[in-house]
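S.K.: could you work out the structure for the sequence below:
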Amino acid sequence: MSETLVTQSRFADPDRAFRLLIEARRGLSVEAAAALDARLVLLLANHIGANHIGDEAVLREAIAAAGAALEAS
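M.R.: Numbering: from 1, shown residues only. You can find the predicted model right below:
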């Protein structure tokens, strides 16, 4: 049985979370930004089972991991 999609923000400060995402893409080429986005989607989708998607620390960790993978490629 599937759960209902949560569309309500779980971030304490949604605007700050949005700015983190924007800053992570700043200065990247279109291709690199798309690669970062794809890595973030996969990392966060993998993390859903832990119920931490609305946690800013998890978002920061995912951005850092996706950025590190992007730099390594």
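S.K.: from here on, contacts and neighbour counts on C-alpha atoms
M.R.: Will do.
S.K.: S9 sits in which helix or strand?
M.R.: Remark: S9 resides in no helix or strand, with elements defined by DSSP states H and E.
S.K.: when you give positions from now on, start the count at 11
M.R.: I'll keep to 11 as the first residue from here, and by that count the last item is S19.
S.K.: name the helices or strands packed onto the host helix or strand of A72?
M.R.: Element membership of A72 [criterion: DSSP H and E] is helix 66-82. In terms of contacts (3 or more C-alpha pairs under 8 Å, 6 or more residues apart in numbering; DSSP states H and E), helix 66-82 is packed against helix 24-35, helix 40-57.
S.K.: got CSV for the ones you listed, with mean neighbour count too?
M.R.: Converted to CSV, the helices and strands packed on helix 66-82 look like this (neighbours: other C-alpha atoms under 10 Å):
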stretch, mean neighbour count
helix 24-35, 14
helix 40-57, 15
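S.K.: in terms of mean pLDDT, which of the ones you listed ranks lowest?
M.R.: Mean pLDDT across those is lowest at helix 40-57; the value there is a mean of 88.
S.K.: remind me what that helix packs against, helices and strands.
M.R.: Using 3+ C-alpha pairs under 8 Å, 6+ apart: helix 40-57 touches helix 66-82.
S.K.: can you check what angle separates the helix it packs on from helix 24-35?
M.R.: 10 degrees (axes from the mean of the first three to the mean of the last three C-alpha atoms, to 10 degrees).
S.K.: now do helix 66-82: distance to the chain's middle.
M.R.: Relative to its parent chain, helix 66-82 has a centroid offset of 8 Å by C-alpha atoms, centre = their mean, to the nearest Å.
S.K.: kind regards, and thank you for your time.
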